[in-house]
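Asks: test case, fold it:
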Amino acid sequence: MDSNTCKFDLSGDRTADVHALMSYVLSALKEKGYNPINQLVGYFISGDPTYITNYKGARGLIKRIDRDELLEVIINDYCSRL
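Replies: Sure thing, here's the model as predicted:
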């Protein structure tokens, strides 16, 4: 087993796209009465888009951007606030 750390790098900056998408999805989840954090964690862990409501097309929208890209922007945003 190799002990070197692998470097993960996504090309292109889609930060603005991800922020807009996440705002929209969060809003749709809240409007339908879901806990958006719980639903998003379920989606990110399992990859199952049924954790995201179809309401207002939120499920189709979140599937347009890879989960890796979504997580990269979310984690980057969180870490920049520390």
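
Asks: which strands or helices does the host helix or strand of residue 25 pack on?
Replies: When secondary structure is defined by DSSP states H and E, residue 25 falls within helix 15-31. Under the contact criterion of 3 or more Cβ pairs under 8 Å, 6 or more residues apart in numbering; DSSP states H and E, the helices and strands touching helix 15-31 comprise helix 36-46, helix 58-62, helix 67-80. In this view, the C-beta of every residue, glycine as well, is placed from N, C-alpha and C.

Asks: for the ones you listed, which one ends up most surrounded?
Replies: Each of those was scored by mean neighbour count; the highest is helix 58-62, a mean of 17, by mean count of other Cβ atoms under 10 Å.

Asks: re earlier: now the helix holding residue 25: average pLDDT?
Replies: Summarised as a single mean, pLDDT over helix 15-31 is 93.

Asks: one more: stretch 55-63?
Replies: Mean per-residue pLDDT for stretch 55-63: 95.

Asks: what does it contact?
Replies: Counting by Cβ atoms under 8 Å, 6 or more residues apart in numbering, the neighbours of stretch 55-63 from elsewhere in the structure are 21, 24-25, 27-29, 31-32, 43, 49-50, 52-54, 70.

Asks: are any of those buried, and which?
Replies: Neighbour-count burial within the contacts of stretch 55-63 applies to 21, 25, 28-29, 43, 52-53, 70; the criterion is 16 or more other Cβ atoms under 10 Å.

Asks: in CSV, list the helices and strands packed on helix 15-31 along with distance to residue 4.
Replies: Below are the helices and strands packed on helix 15-31 laid out as CSV (distance: least, Cβ to Cβ, whole Å):
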stretch, distance to residue 4
helix 36-46, 26
helix 58-62, 33
helix 67-80, 20
